[in-house]
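1. predicted model follows, preceded by the sequence.
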Amino acid sequence: FKLAELKSEAYMARVFVNHCIELHLKGELDATKASMVKYLTSDLQCKVVDECLQLQGGYGYMNEYPIARMFRDARVQRIYGGTNEIMKLLIARSL
């Protein structure tokens with residue numbers, strides 16, 4: 001059932017991403033929503049990859065398998081464009 005949970009979370013995140021894209025195209029995307037989508041999706045990416053690696057067991061750490069690279073690459077997404085801690089700070093300021 002783990003994959004079903006992850007798929008559901010990824011779908012919800014995709015809906016939010018699409019909404020933010022629409023806002024951006026209209027020139028209505030504010031820093032708070034941009035921070036929210038960046039924080040939520042980068043955190044979710046790490047969660048999904050971590051869970052998938054867990055399902056692979058020890059093979060997940062072997063470089064021959066794509067999940068090993070995905071695991072390494074996912075971590076940096078929390079840093080690019082501002083760390084998730086900064087994103088949380090920007091979101092908190094809007095409350």
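-> In hand now; what should we look at? Numbering: from 1, shown residues only.

2. what does the worst-scoring helix or strand of the chain on mean pLDDT contact?
-> Ranked by mean pLDDT, DSSP states H and E, the weakest helix or strand in the chain is helix 66-76, scoring a mean of 90. With contact meaning C-beta atoms under 8 Å, 6 or more residues apart in numbering, helix 66-76 is reached by 45-46, 49-50, 52-53, 56, 60-63. For glycine as for every other residue, the C-beta is placed from the backbone atoms N, C-alpha and C.

3. gap between it and the chain center?
-> Remark: helix 66-76 is offset 12 Å from the chain centroid, using C-alpha atoms, centre = their mean, to the nearest Å.

4. average model confidence for the very next helix or strand once past it?
-> Where DSSP states H and E defines the elements, the next helix or strand beyond helix 66-76 is helix 84-93. Mean pLDDT, helix 84-93: 95.

5. what's helix 84-93 packed up against?
-> helix 31-56 (3 or more C-beta pairs under 8 Å, 6 or more residues apart in numbering; DSSP states H and E).

6. now the helix it packs on: average pLDDT?
-> Helix 31-56 comes out at a mean pLDDT of 95.

7. show me what that helix is packed up against.
-> Other helices and strands packing on helix 31-56, by 3+ C-beta pairs under 8 Å, 6+ apart, are helix 2-25, helix 66-76, helix 84-93.

8. report the angle between the longest one and helix 31-56.
-> Same thing as helix 2-25. Angle between the axes of helix 2-25 and helix 31-56 is 160 degrees (criterion: axes from the mean of the first three to the mean of the last three C-alpha atoms, to 10 degrees).

9. I am finished for the moment; much appreciated.
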